[in-house]
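*Asks:* Here you go, sequence then predicted model.
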Amino acid sequence: MAKFHYALVLLFIAVCAVGVNAGFRLKISRYWRVFLATDAVILALYTAWDVWAIENHNWRFDSEQIVRINLFGILPIEEILFFILVPLMTVLTYLALKKLSAKYGRSVAP
């Protein structure tokens, strides 16, 4: 069961993202193109950084807590999903706060 720890954290983030999107009626689907373009840059930068750090022995993943499906031979699939889900949850959180602040007459930076 330990090998699913990272995957379970990601599943929790994904469930929260679906809940926030539905609960606040954010209609995130309107923003997919912008999100995917932005996240592609984030994914490229952080994937390269992780690969570099792993190859230089500055960073590692506990093989007991990952499912052991690796990209580029060394990067766990969970890490790629992390770089997709966490920015998505960040955007959803921002949109939810923006919606809440509009409801209560406060503004949030653009």
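*Replies:* Nice, thanks for sending it over. Owing to the predicted nature of the structure, the values given are computational and were not obtained by experimental measurement. Numbers count the residues shown, from 1 in each chain.
*Asks:* What separation is there between the residue lying closest to Ile77 once chain neighbours are set aside and Leu43?
*Replies:* Leaving aside its chain neighbours, Ile77 sits nearest to Ile69 (4.4 Å; criterion: Cβ to Cβ, 6 or more residues apart in numbering). Heads up, the C-betas are built off the backbone N, CA and C, glycines and all. Going from Ile69 to Leu43 by Cβ to Cβ, to the nearest Å gives 17 Å.
*Asks:* Which one's more surrounded, the two?
*Replies:* Legend: neighbour count by other Cβ atoms under 10 Å for Ile69 and Leu43, higher for Leu43 (16 against 11).
*Asks:* Can you work out which other helices and strands pack against whichever strand or helix holds the more buried one?
*Replies:* Here Leu43, judged by DSSP states H and E, is contained in helix 32-55. Judged by 3 or more Cβ pairs under 8 Å, 6 or more residues apart in numbering; DSSP states H and E, helix 32-55 is in contact with strand 75-76, helix 77-103.
*Asks:* Need those in TSV (columns: mean neighbour count, distance to Ala53 and mean pLDDT).
*Replies:* Output for the helices and strands packed on helix 32-55, formatted as TSV (neighbours: other Cβ atoms under 10 Å; distance: least, Cβ to Cβ, whole Å; pLDDT from 0 to 100):
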stretch	mean neighbour count	distance to Ala53	mean pLDDT
strand 75-76	19	10	96
helix 77-103	16	11	92
